[in-house]
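Participant: Turn this into a model:
(chains A and B)
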There are 2 protein chains.
Amino acid sequence: MGLPKAVRLFEEGPREGFQIEKGPIPTDRKIALIDALSATGLTRIQTASFVHPKLVPGMADAEAVVADIAMRPGVTYTGLWLNDRGMERAIATGRLAMVGRISTYASDAFMQRNQNTTYNAHMKAQGDMIDAYRERSIPVEGAFVSAAFGCNFEGDIPLPKLMRVVRDLVALFAEHGTAIGTLWLADTMGWANPEQVRRTVATVREAFPDTAIGLHLHDTRGLGIANAFAGLETGVADFEASVAGLGGCPFAGNPGAAGNIATEDFVFLCHELGIETGVDLDALIDCARMAEDIVGRTLPGRIMHAGGLNRT
Amino acid sequence: MGLPKAVRLFEEGPREGFQIEKGPIPTDRKIALIDALSATGLTRIQTASFVHPKLVPGMADAEAVVADIAMRPGVTYTGLWLNDRGMERAIATGRLAMVGRISTYASDAFMQRNQNTTYNAHMKAQGDMIDAYRERSIPVEGAFVSAAFGCNFEGDIPLPKLMRVVRDLVALFAEHGTAIGTLWLADTMGWANPEQVRRTVATVREAFPDTAIGLHLHDTRGLGIANAFAGLETGVADFEASVAGLGGCPFAGNPGAAGNIATEDFVFLCHELGIETGVDLDALIDCARMAEDIVGRTLPGRIMHAGGLNRT
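Facilitator: Just a heads-up that it's a prediction; the model follows:
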């Protein structure tokens, strides 16, 4: 497959970014960034995660953030949760688009570390989550596989191992009476390379031609945009990204390590390749600079520091 | 053409980097970085530029740097000059490999700004430079085209315009009794995208199949490594890069703007693709961290902040 005509962008910055920063960030500044992002043409923004405030203190104001967003028509505002309680909190805001997604790990070591559970137990819990969505009439739209390309704690993730997880997910959705929707492959710790992305996408597509594939790529080791390009070339049209590269990689042991690819750098790539994003790049660059001002440190995005192309 | 089996790396960091930093950097620290780089397996290192100290104060100690390098057998130490006087200074060190290269611009606006001359006058001067090399028995090994993919001052550089410059260079070398060697295409200000790199390399190769193509890519707008990947895929095997991304983009109007791709991020890409570099990545990452310590600010390289893959 060649390049897609257009991509769907899922902006993760407010959630990826503000959950990792040290020190409190004023709620009104989080809201200001979300409102600015909603004016760029981005149509889907993850606003906050509904997790235990003791575990992620930076997200303790999730409800307060969501309460005061200037909701813009045409923009889907989402939240992240990992369990029933988080989902109930998101529902209770009354302002978020409830879209159901489950998530698992291609790395047992990473799952153990993050969730302290086994693969089988975790997958069973994800099946229960699908049921919980369906009971609440929440559309189930996808599954997310962390560490799909490699893991700092487990090493390489061979493609056959990832494919077992993918097959298990497809089967799990079928068992629970629905389809997987979009399969998100996440390079959580920056292990992927462009050829691996191509090979992986092609293999998944061959096995499950009706399943859309989304990519969530981190730039931890500098290959994020090259991997995104490889994804585009294999026809992937769904991408998560984070304005200014907000976020980082808590597993790299260095607060300066890069996280998710910067949305505006990816938008620049798409536009240069003739792929539509629906986003005003200059407005998005302004948002990236706002994000840097909010967190008070240099963020990894590139074009935000260089400016766009001043074509005449 | 597919990926090359191996690449030749031209390390530009000591020159790209130390000429742009504000404030003096101690000569012994520059030497320490060059010596550390020479122990990584890199075989060609540009040590300094021999330009007027009033124009580039950071290079006023070029001779002193070169004088105290612990020359390692098998490593080629080079210098940069833009005219006869600089070349004579480089020769006078008695320690540098004298390799002749000429350079020009695909952007008239950039040439005017940098050299205050016209294209025809500049090309004539480059022909004189070829003669000067030959009179001194300095091997002429290449030509460098700045702003080959676009220019902050001129905008897009259409491929036909670049091809005119390339044809003129090939003719110039022939007129002066030699061949062009390697044609270096430089994305000086981060205008290239991966498809443009492919199309450009393919077009040059079709016109001049016997001319090797080298790439000098900047990451100004985040596409540097993706562009390098596109170059590798079209069979390019000669790359200039800068440890830690030392350098920056003085034309971006922001001291935080990224410059040349980080050598160690590119080495990581090559190794993950199975391409030989001859470089010890961990040792190179240590050099990148040393470079950051020397300049006292966060540098753009990614893997230096995240660490390599701890495969077991």
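
Participant: use CA for all of it now, contacts and neighbours both
Facilitator: Will do.

Participant: Least confident secondary structure element in chain A?
Facilitator: helix A:13-18 (a mean of 89; mean pLDDT, DSSP states H and E).

Participant: Show me what the residue of the stretch 1-150 of chain A found nearest chain B is bridged to.
Facilitator: Closest to chain B within the stretch 1-150 of chain A is A:Gly150: 9.0 Å, counting by CA to the nearest CA. Beta-bridge partners for A:Gly150, by DSSP bridges, are A:Asp156.

Participant: and it, how many neighbours?
Facilitator: A:Gly150: 25 surrounding residues under other CA atoms under 10 Å in any protein chain shown.

Participant: Was I right to think it contacts A:Asp156?
Facilitator: Yes: assessed by CA atoms under 8 Å, A:Gly150 is found in contact with A:Asp156 at 4.5 Å.

Participant: and for these two, which residues touch both?
Facilitator: A:Trp191 (CA atoms under 8 Å, 6 or more residues apart in numbering or on different chains).

Participant: Contact residues of the stretch 151-300 of chain A facing chain B?
Facilitator: By CA under 8 Å from any CA of the partner chain, the residues of the stretch 151-300 of chain A that approach chain B are A:152, A:155-156, A:191, A:193, A:195, A:219-223, A:225-227, A:229, A:249, A:252-254, A:256-258, A:265, A:268-269, A:272-273, A:300.

Participant: residue boundaries of the helices in chain A?
Facilitator: For chain A, helices defined by DSSP state H occupy the ranges A:13-18, A:27-38, A:62-67, A:84-93, A:108-115, A:119-135, A:159-175, A:194-207, A:224-233, A:263-272, A:281-295, A:303-306.

Participant: need those helices in TSV with mean neighbour count, can you?
Facilitator: Output for these, formatted as TSV (neighbours: other CA atoms under 10 Å in any protein chain shown):
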stretch	mean neighbour count
helix A:13-18	25
helix A:27-38	20
helix A:62-67	19
helix A:84-93	16
helix A:108-115	15
helix A:119-135	17
helix A:159-175	17
helix A:194-207	18
helix A:224-233	26
helix A:263-272	24
helix A:281-295	21
helix A:303-306	27
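
Participant: closest one to B:Asp28 among those?
Facilitator: Relative to B:Asp28, the nearest member of the helices of chain A by CA to CA is helix A:303-306, separated by 31.0 Å.

Participant: what residues does the closest one touch?
Facilitator: A:244, A:264-265, A:285-286, A:288-289, B:220-222, B:249, B:252-254, B:256-258.

Participant: Could you rerun that using 6 Å?
Facilitator: A:Asp265, A:Ile285, B:Arg221, B:Ala252, B:Ala257 (CA atoms under 6 Å, 6 or more residues apart in numbering or on different chains).

Participant: farthest-separated two in those?
Facilitator: Between any two of the contacts of helix A:303-306, the greatest separation by CA to CA is 15.3 Å, found for A:Asp265 and B:Ala252.

Participant: Just want the most central residue of chain A.
Facilitator: The residue lying closest to the centre of chain A (CA atoms, centre = their mean) is A:Glu240, at 4.3 Å.

Participant: give the contact list for that residue.
Facilitator: A:Glu240 neighbours (CA under 6 Å, 6+ apart): A:Leu9, A:Phe10, A:Glu11, A:His216.

Participant: Highest neighbour count among these?
Facilitator: A:Glu11 (26 neighbours).

Participant: for it, which residues make a bridge with it?
Facilitator: A:Ile45, A:Ala241.

Participant: just checking, it touches A:Ile45?
Facilitator: Yes: proximity of A:Glu11 to A:Ile45 meets the contact threshold set by CA atoms under 6 Å, at 4.7 Å.

Participant: How about A:Arg221: what's its closest non-neighbour residue?
Facilitator: Closest residue to A:Arg221 apart from its sequence neighbours, by CA to CA, 6 or more residues apart in numbering or on different chains: B:Ile303 at 4.2 Å.

Participant: measure the one you found to A:Trp191 for me?
Facilitator: 11 Å (CA to CA, to the nearest Å).

Participant: cool, A:Gly301 as well?
Facilitator: 19 Å.

Participant: Could you check which of those two has the larger neighbour count?
Facilitator: When A:Gly301 and A:Trp191 are compared for neighbours, A:Gly301 comes out ahead with 31 against 27, by other CA under 10 Å.

Participant: Ramachandran coordinates for that one?
Facilitator: phi -50, psi 150 (degrees, to the nearest 10).

Participant: shouldn't it be in contact with A:Ala244?
Facilitator: Yes: counting by CA under 6 Å, A:Gly301 does reach A:Ala244; the two are 4.6 Å apart.

Participant: okay, and the common contacts of those two?
Facilitator: Joint contacts of A:Gly301 and A:Ala244 (CA under 6 Å, 6+ apart) are A:Ala262.

Participant: show me what contacts A:Gly278?
Facilitator: Neighbour list for A:Gly278: A:Gly41 [criterion: CA under 6 Å, 6+ apart].

Participant: From the rest of the structure, what touches stretch A:146-159?
Facilitator: A:Tyr105, A:Ala106, A:Ala109, A:Leu185, A:Ala186, A:Asp187, A:Thr188, A:Trp191, A:Ala192, B:Arg311.

Participant: avg pLDDT for it?
Facilitator: Confidence for stretch A:146-159, expressed as mean pLDDT, is 96.

Participant: cool, and stretch A:262-277?
Facilitator: 98.

Participant: Pull the residues that contact it.
Facilitator: A:Lys5, A:Ala6, A:Val7, A:Ala241, A:Ser242, A:Val243, A:Ala244, A:Gly245, A:Gly301, A:Ile303, B:Gly222.

Participant: Return the members of these classed as buried.
Facilitator: A:Ala6, A:Val7, A:Ala241, A:Ser242, A:Val243, A:Ala244, A:Gly245, A:Gly301, A:Ile303, B:Gly222 (16 or more other CA atoms under 10 Å in any protein chain shown).

Participant: Nearest to A:Ile130 among those?
Facilitator: Distances from A:Ile130 to the buried ones among the contacts of stretch A:262-277, taken by CA to CA, are shortest for A:Ala241, at 25.0 Å.

Participant: list the contacts for that closest one?
Facilitator: Counting by CA under 6 Å, 6+ apart, A:Ala241 has contacts A:Glu11, A:Glu12, A:Asn260, A:Ile261, A:Ala262, A:Thr263.

Participant: returning to that earlier point: distance check, the residue nearest to A:Arg221 against A:Pro57.
Facilitator: 28 Å.

Participant: How about A:Gly245, nearest residue that isn't a chain neighbour?
Facilitator: Closest to A:Gly245 by CA to CA, 6+ apart is A:Ala262, at 4.0 Å.

Participant: can you list contacts of stretch A:284-292?
Facilitator: The list of residues contacting stretch A:284-292 from outside it, by CA under 6 Å, 6+ apart, reads A:Thr40, A:Val243, A:Ala244, A:Leu299, A:Met304.

Participant: one more time with 8 Å, if that's ok
Facilitator: For stretch A:284-292, contacts defined as CA under 8 Å, 6+ apart pick out A:33, A:36-37, A:40, A:243-244, A:246, A:264, A:298-299, A:301, A:303-304, A:307.

Participant: A:Arg15 touches A:Val51, doesn't it?
Facilitator: No: between A:Arg15 and A:Val51 there is no contact under CA under 8 Å: 11.2 Å.

Participant: now the buried ones among the contacts of stretch A:262-277 in JSON lines, with distance to A:Arg85 and pLDDT?
Facilitator: Compiled in JSON lines, those are given as follows (distance: CA to CA, whole Å; pLDDT from 0 to 100):
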{"residue": "A:Ala6", "distance to A:Arg85": "36", "pLDDT": "98"}
{"residue": "A:Val7", "distance to A:Arg85": "32", "pLDDT": "98"}
{"residue": "A:Ala241", "distance to A:Arg85": "26", "pLDDT": "98"}
{"residue": "A:Ser242", "distance to A:Arg85": "26", "pLDDT": "97"}
{"residue": "A:Val243", "distance to A:Arg85": "28", "pLDDT": "98"}
{"residue": "A:Ala244", "distance to A:Arg85": "31", "pLDDT": "97"}
{"residue": "A:Gly245", "distance to A:Arg85": "29", "pLDDT": "96"}
{"residue": "A:Gly301", "distance to A:Arg85": "34", "pLDDT": "96"}
{"residue": "A:Ile303", "distance to A:Arg85": "39", "pLDDT": "97"}
{"residue": "B:Gly222", "distance to A:Arg85": "39", "pLDDT": "97"}
